[in-house]
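In: Okay, predicted coordinates and the sequence, questions at the end:
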Amino acid sequence: MTKKVSTEAYKGVRDFYPADMAVQNYIFKVMKETVESFGYSEYGASVLEPSDLYKAKSGEEIVNEQTYTFKDKGDREVSLRPEMTPTVARMIAGKLKEFSMPLRWYSIPNLFRYENPQRGRMREHWQLNVDIFGVKSIEAEVEVISIASQVLKNFGLKDENFEIRINSRKIINYILNDIFALDDETAEKVSKLIDKKDKLKDGAFEEAIRETIAERSSEFLTLISSKNFEEFVSRLPQTASENEGIKEIKKLISRLEEVGITNAVFSQNLMRGFDYYTGIVFEVYDTNPDNRRSVFGGGRYDDLLDIFDKEKVPAFGFGAGDVIIRDILETYGLMPKFPAPADIYICVMNENSIGFAQDLAQLLREKKVRTSVDFSFRKVGDQIKYADKNKIPFIICIGDEEVTSGKFKVKNLTTGEQTEFSDSEINEISKLL
């Protein structure tokens, strides 16, 4: 007996039925229109990459624990991309001499992570990636964070619905390396603990820090629990005011306020897990407790082209996943009403009417009227019920009488009003819509 195949999709991925596809297309549309309004160009790449690309800069943990990695038929180790930043860095490194800086690029690729599916997180998702290359100044951060803010506003959110949390790897490195003088291995452990802090059980973070730092753990925990930027800085040595990361945070928050972004705050607990970040990092959080997850995340990665033995290119960017965006739309009641699949539905009453119906449909389509034809020859009432169920607003029924006279009636299914036309009056029909 042939084994029955399950109708369930692979765990952690989604099927997109037409209604789901309409939502997905809407999400992509808002993303694209927003980013392109800032002058960014779209790019794309294959979902397959050599695994070494991720081992080199995303970190061994990403490849060993979270990627779909396998050997191809040529015995090459390849991965389904878990993120897009290494790919875009590879693309730019490959044609660096051909580009004039700055580059403003974006894409919406599908990404794969082998992890536990949960609200806001899947094993496959699509992600808006926005990056600017060739700008050293803080204005790159200002522009890209402004884009992130505007994307959410264009979905209908207000400033009070989300918070932009900002930190700098330069500050973290200064604290771990200079103030606490941790060796590289210990500093890496502490960094990973900070990155996972909000996901740990109560008390677990503090206990792990005490085990890792020992005698200076209380000092570190006091610092990391600061309520705001001012309190955080006050607990640092006076010389910290000269730290480049501290200066950048002050300037960035000030510049964001100047462009109207007032919901940006300093977060000393923000790390971002990828090894390639070199400066400012940020994440955007929904303030609604139903969505306890980062919506957007990104940062500066000026050294990523090093693995390709190319000159440094300053870069800043972010990624925004589609799953959490859909959750947010549903949470705030911002899901739009989607149009019907057609403007007019043509009922065909018998086989003799097919030719006339098809010709009429073609004339309507040439006038940009979306037209669907029913060839089922069901009862007229059943065809009308189908059109109504699918929210198609107008219907035309074609039978022997319409074929003979060349005239037909367009019925508004909402009002019940009917208007008679001939095929020479197609322009008038489009005015009804």
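Out: Happy to help now that I have it. Numbers count the residues shown, from 1 in each chain.
In: Please give the per-domain residue ranges for this structure, including any split domains.
Out: 18-331, 344-430 (automatic domain parsing).
In: Could you dump those domains into CSV and include distance to residue 337?
Out: C-beta: built from backbone N, CA, C; applies to glycine. As requested, these are exported to CSV (distance: least, Cβ to Cβ, whole Å):
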stretch, distance to residue 337
domain 18-331, 10
domain 344-430, 9
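In: Quick check: residue 3 is in a helix.
Out: No: counting by DSSP: H, G, I helix; E, B strand; the rest coil, residue 3 falls outside a helix, being coil.
In: Was I right to think residue 92 contacts residue 305?
Out: Yes: the pair residue 92 / residue 305 is scored as a contact, 7.1 Å apart, by Cβ atoms under 8 Å.
In: what's the overlap in contacts for these two?
Out: Listed as contacting both residue 92 and residue 305 by Cβ atoms under 8 Å, 6 or more residues apart in numbering are residue 313.
In: residues in contact with stretch 329-336?
Out: Defining contact as Cβ under 8 Å, 6+ apart, one finds that stretch 329-336 is touched by 23, 26, 27, 155, 156, 157, 161, 286, 288, 290, 291, 328.
In: And that stretch, how far out from the chain middle?
Out: Averaging C-alpha positions (Cα atoms, centre = their mean, to the nearest Å) puts stretch 329-336 16 Å from its chain's average.
In: how about the domains of the chain in TSV, adding distance to residue 9 and mean pLDDT?
Out: As requested, the domains of the chain are arranged in TSV below (distance: least, Cβ to Cβ, whole Å; pLDDT from 0 to 100):
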stretch	distance to residue 9	mean pLDDT
domain 18-331	10	90
domain 344-430	25	93
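In: nearest to residue 10, of these?
Out: Closest to residue 10 of the domains of the chain is domain 18-331 (Cβ to Cβ; 7.7 Å).
In: so how far is that closest one off the chain centroid?
Out: On the basis of Cα atoms, centre = their mean, domain 18-331 sits 13 Å off its chain's mean C-alpha point.
In: For that domain, measure first residue to last.
Out: One end of domain 18-331 sits 21 Å from the other (Cα to Cα, to the nearest Å).
In: can you check stretch 171-189 too?
Out: Using Cα to Cα, the end-to-end distance of stretch 171-189 comes out at 16 Å.
In: what's in contact with stretch 299-309?
Out: The contact list for stretch 299-309, computed with Cβ under 8 Å, 6+ apart, reads 53, 56-57, 85-86, 89-90, 92-94, 96, 136, 140-141, 169, 272, 274, 276-282, 311-318.
In: Quick one: buried ones out of those?
Out: The neighbour-count criterion (16 or more other Cβ atoms under 10 Å) marks 53, 56-57, 85-86, 89-90, 92-93, 140-141, 169, 272, 274, 276-282, 313-318 among the contacts of stretch 299-309 as buried.
In: Cross those against helices and list the overlap.
Out: Using DSSP state H, 53, 56, 57, 85, 86, 89, 90, 92, 93, 140, 141, 169 are the members of the buried ones among the contacts of stretch 299-309 that sit in helices.
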